[in-house]
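Student: pasting a predicted model and its sequence here:
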Amino acid sequence: MNELDKPNLLIVDDRKENLLVLETILKGLDINIIKANSGEEALWKVMQHEFFLVILDIQMPGMDGFETANYIRLRVKNKDIPIIFITAGDTTLDKKINFSLKACEANAVDYLTKPIDPTALVGKVNKFLKIYKLTKPSHDGTKGQW
């Protein structure tokens with residue numbers, strides 16, 4: 001499959017080392033990984049490309065992950081892009097409940113906590129990649145196949 005035919009994944013984190021870790025974990029998948037260093041840059045990227053999934057850090061300066069997700073969803077074309085949040089935040093029960101509620105309000109499909117478990121990340125990305133391939137129309141107008 002050439003680069004233009006590969007599905008696009010957007011990863012968003014304000015720390016370059018975190019982007020590198022995510023990219024390294026996911027490098028074996030047959031996808032294009034597009035990176036953004038801020039919520040603002042992520043919004044620009046979703047205007048330029050079609051994505052099967054967005055992996056979005058919550059804690060970023062300026063526009064945080066929740067706000068970024070809400071802006072992504074404003075555009076009709078992007079309303080159904082699955083978003084997985086990543087957080088390094090407090091893992092106490094109260095914080096987890098608050099985070100889960102905010103993630104639901106932003107229509108996230110899942111979340112992961114740092115440090116990232118590589119097996120869990122690859123498993124989640126593969127799940128959404130399969131869904132995308134099954135639901136995306138092929139060149140002849142039929143739905144994709146496994």
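Tutor: That came through, no problem.

Student: for this protein, where's the lowest mean pLDDT among helices and strands?
Tutor: helix 93-105 (a mean of 56; mean pLDDT, DSSP states H and E).

Student: next, count neighbours for residue 119.
Tutor: Neighbours of residue 119 under the rule other CB atoms under 10 Å: 9. C-beta coordinates here come from the backbone N, C-alpha and C atoms, glycine included.

Student: what of residue 4?
Tutor: 6.

Student: and it, what element?
Tutor: If you go by DSSP states H and E, residue 4 is not part of any helix or strand.

Student: need the three-state assignment for the nearest residue to residue 60 once chain neighbours are set aside.
Tutor: Nearest non-adjacent residue to residue 60, counting by CB to CB, 6 or more residues apart in numbering: residue 14, 4.3 Å away. Following DSSP: H, G, I helix; E, B strand; the rest coil, residue 14 is assigned to coil.

Student: got it, and residue 131?
Tutor: Going by three-state DSSP, the secondary structure assigned to residue 131 is helix.

Student: do you know how far it is from residue 31?
Tutor: Per CB to CB, to the nearest Å, residue 131 is found 13 Å from residue 31.

Student: more neighbours, those two?
Tutor: residue 31 (20 against 14).

Student: tell me how far the more buried one lies from residue 53.
Tutor: Taking CB to CB, one finds residue 31 at 9 Å from residue 53.

Student: and what of residue 134?
Tutor: On the measure of CB to CB, residue 134 and residue 53 end up 14 Å apart.

Student: ok, the two, which is more surrounded?
Tutor: Taking other CB under 10 Å, residue 134 and residue 53 do not tie; residue 53 has more neighbours (24 against 11).

Student: now the residue lying closest to residue 44 once chain neighbours are set aside. Its backbone dihedrals?
Tutor: Counting by CB to CB, 6+ apart, residue 44 lies nearest to residue 36, which is 7.6 Å off, once chain neighbours are set aside. Phi and psi for residue 36, reported as degrees, to the nearest 10, are phi -140, psi 140.
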